[in-house]
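**Q** Model the following, please.
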Amino acid sequence: MSTTRVRRRTGLGRGAALAAAAVLLFLPWTLDLEGLGEPGHRMLGLFLAAIVLWVSEAIPLHATAAFIILFEIVTISDRALWALPADFDPPAYSTFFGTLAHPVLMLFLGGFFLAEGAAKFHLDRALARILLRPFGTSPRRVLLGLMVVTAVFSMFMSNTATTATVLAVVLPVAVSLDRSDRFRTALVLAIPVAANIGGMGTPVGTPPNAIAVGSLAEAGYDVGFGEWMVLAVPVMSVVLVLAWLLLLRVFPARTDAIRLEIEGALARGRDAAILYTVFVATVVLWLSEPLHGVNANIVGFLPVVVLLATRVFSAEDLQRIPWHVLWLVAGGIALGIGVTAAGLDTWLVARVDWSAMSGGMVVAGVAATALLLSTFISNSAAANLLIPIGLTLALSGAVSVEAVAVAFFIAVGASLAMALPVSTPPNALAYSTGMVTTRQMAAIGAVVGIAGWALFVWLAPIGWSLMGVSPG
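**A** Next comes the predicted model:
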């Protein structure tokens, strides 16, 4: 198919998606749905339009997030352009603008600063070299080492940046293996799988986690950095080992030894020393939040201030921060605020009879829905759409399940979706190498995703009880 024809077809698809979004945006305004007030009708239109735009990506994901904020301001805020019912107490328009500087975004921003600084001063490569050394040269152990290092890095850095860094180390080794050696595929595919799994471990690991923490904060639940790790890391570790065993089974090695050559020494000098100190201090403060009581969001702003004030970060470094991800998270939080304020969440939850469903069934269902939806669209978009509804369901008392558990399992379900190149950025990076086919990625990603879903649903509540942690 010619490039011109592909572009024409893509343009037609985007045009159709935009037209559908425009129709859905205003169609509910003409309806009279029982139990749903005027603000709810307006938010229903926005919610449906957001689904179309996020699924189709007719416009960039962060552009849809910005559109949500603006449309909420002009339709349901105290500065709405259309009259609202007298008995409706509209949110201040500053509430929606304020999501662009929501505290959880500061937490995520701090993680971006640490990731960018680690790459700038070669901290990531130096740590990888040190951490991989104990795993030796056995293919089995090297693969395990790569997955452990990738997962750990992805807990505190962008899993996309982590994937790019580790792939740069792995690709020369994979290319050097004989073409008949299936272990080539295992080496490359292990990186995005481990990055996706590791991202579940902390609030800064992946956008769905940040969206969950931010939405919970809006609902009055403060989930600390360490508390999230306690909830996620034990089962995450089991899923990582399972993925390692699966890769070894499907792609066995024919070579006896593999040596990874990681170049790049730790940078030295004043700026590098400041970065290393700030990196360690931030992580330690995040992990020790119960001891000192300083909120993780505040701690996350520490590297931002220090690295800018000491000029370790220049204006050019600041421009490399993935601001679009922060806007995407902000749009999700704003959508949740609007859905709740307009009463749309309560109305949607009331459409289903939940009395026959147990809390466990609800948790399994929302996680499975997030897993399925995130397989085909951005996991951030899926979390943005599902978390507001899930939280309302938990808070309504219709089912016996805690709000934290619902948000947590939606975020986890979204992160477990790794069956297609479009599912996550790490998958796309691995697929772009040409060393992994869609079929291979789908086979491994589907098994890991479904098995991970089952393990989290089954093991996580048991682990929480044993550790005396309340998910609510």
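**Q** where's S237 relative to V284, distance?
**A** 21 Å (CB to CB, to the nearest Å). Every C-beta, even on glycine, is put in place using the N, C-alpha and C of the backbone.
**Q** More neighbours: which of those two?
**A** S237 (15 against 11; other CB atoms under 10 Å).
**Q** buried sites along the host helix or strand of M441?
**A** M441 belongs to helix 438-466 when assigned by DSSP states H and E. Buried residues in helix 438-466, counted by 16 or more other CB atoms under 10 Å: 440-442, 444-446, 448-449, 451-453, 455-457, 460-461, 463-464.
**Q** Could you point out which residue ranges in the chain have low pLDDT?
**A** 1-10, 262-265, 466-472 (pLDDT under 70).
**Q** Three-state assignment for the residue of the chain most remote from its centre, please.
**A** Most distant from the centre of the chain: A86, at 39.0 Å, with distances by CA atoms, centre = their mean. Here A86 is recorded as coil under DSSP: H, G, I helix; E, B strand; the rest coil.
**Q** How much space separates it from E34?
**A** Counting by CB to CB, the gap from A86 to E34 is 21 Å.
**Q** quick one: the helices in the stretch 51-200 of the chain?
**A** 61-76, 93-97, 103-120, 123-132, 139-156, 159-176, 183-198 (DSSP state H, counting those that start in this stretch).
**Q** again with the stretch 301-450 of the chain
**A** Using DSSP H, counting those that start in this stretch, helices in the stretch 301-450 of the chain cover 315-319, 323-341, 344-350, 359-376, 379-396, 403-415, 425-432, 438-466.
**Q** T95 is nearest to which of those?
**A** Of all the helices of the stretch 301-450 of the chain, helix 323-341 sits nearest to T95, with 6.3 Å by CB to CB.
**Q** List the buried residues for the closest one?
**A** Neighbour-count burial for helix 323-341 flags 325-341 (criterion: 16+ other CB under 10 Å).
**Q** just stretch 253-271 next, same as before
**A** 253, 258, 260, 262, 271.
**Q** Among the residues you listed, find me the one that's closest to L420.
**A** Taking the buried residues of stretch 253-271 together and measuring to L420 by CB to CB, the closest member is A253, at 26.0 Å.
**Q** ok, so what distance separates D345 from R351?
**A** According to CB to CB, D345 stands 11 Å off from R351.
**Q** neighbour-wise, which of those two wins?
**A** Using other CB under 10 Å as the criterion, D345 and R351 rank with D345 on top: 24 against 8.
**Q** I figured the more buried one hits P388, correct?
**A** Yes: between D345 and P388 there is a contact under CB atoms under 8 Å: 5.8 Å.
**Q** Which residues are in contact with each of these two?
**A** Jointly contacting D345 and P388 under the rule CB atoms under 8 Å, 6 or more residues apart in numbering are V339.
**Q** Residues contacting stretch 107-119, please?
**A** Contacts for stretch 107-119 (CB under 8 Å, 6+ apart): 123-124, 127, 156-158, 161-162, 165, 203-204, 207, 210, 213, 225, 275, 278-279, 282-283, 296-297, 299-304, 307, 312-313, 317, 320-322, 325-326, 329.
**Q** If we go by neighbour counts, what in stretch 121-138 is buried?
**A** Those would be 121-129, 132, 135, for stretch 121-138 by 16+ other CB under 10 Å.
**Q** What backbone torsions are found at F313?
**A** Main-chain dihedrals, F313, degrees, to the nearest 10: phi -100, psi 130.
**Q** Check which helices and strands the helix holding M441 is in contact with.
**A** helix 183-198, helix 225-250, helix 359-376, helix 403-415, helix 425-432 (3 or more CB pairs under 8 Å, 6 or more residues apart in numbering; DSSP states H and E).
**Q** before we move on, back to that, would you write a ChimeraX line that selects the buried entries of the contacts of stretch 107-119?
**A** Buried residues among the contacts of stretch 107-119 (16+ other CB under 10 Å), as a ChimeraX selection:
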select :123,124,127,156,157,158,161,162,165,203,204,207,210,213,225,275,278,279,282,283,296,297,299,300,301,302,303,304,307,312,313,317,321,322,325,326,329
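**Q** So which of the helices of the stretch 301-450 of the chain is nearest R79?
**A** It is, among the helices of the stretch 301-450 of the chain and with distance given as CB to CB, helix 323-341, at 13.7 Å.
**Q** And that closest one, what does it pack against?
**A** Using 3+ CB pairs under 8 Å, 6+ apart, helix 323-341 sits against helix 38-56, helix 61-76, helix 93-97, helix 103-120, helix 207-218, helix 379-396.
**Q** Could you give the separation of that helix from the chain centroid?
**A** The chain centre lies 13 Å from the centre of helix 323-341; the measure is CA atoms, centre = their mean, to the nearest Å.
**Q** And for stretch 445-465?
**A** The answer for stretch 445-465 is 17 Å, by CA atoms, centre = their mean.
**Q** Alpha carbons only: can I get it in CSV?
**A** The C-alpha trace of stretch 445-465 is given here as CSV (Å, rounded to 0.1, in the frame of the first residue of the first chain):
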residue,chain,number,x,y,z
GLY,A,445,2.3,-10.8,27.0
ALA,A,446,-1.0,-12.6,27.1
VAL,A,447,0.2,-15.4,29.4
VAL,A,448,2.0,-13.0,31.7
GLY,A,449,-0.9,-10.6,31.8
ILE,A,450,-3.6,-13.2,32.5
ALA,A,451,-1.4,-15.1,35.0
GLY,A,452,-0.4,-11.8,36.7
TRP,A,453,-4.1,-10.8,36.9
ALA,A,454,-4.9,-14.1,38.6
LEU,A,455,-2.0,-13.9,41.0
PHE,A,456,-2.7,-10.3,42.0
VAL,A,457,-6.4,-11.1,42.6
TRP,A,458,-5.7,-14.2,44.5
LEU,A,459,-2.4,-13.4,46.4
ALA,A,460,-2.6,-9.7,47.0
PRO,A,461,-5.4,-9.7,49.6
ILE,A,462,-3.8,-12.6,51.4
GLY,A,463,-0.5,-10.8,51.5
TRP,A,464,-2.1,-7.6,52.8
SER,A,465,-3.8,-9.5,55.6
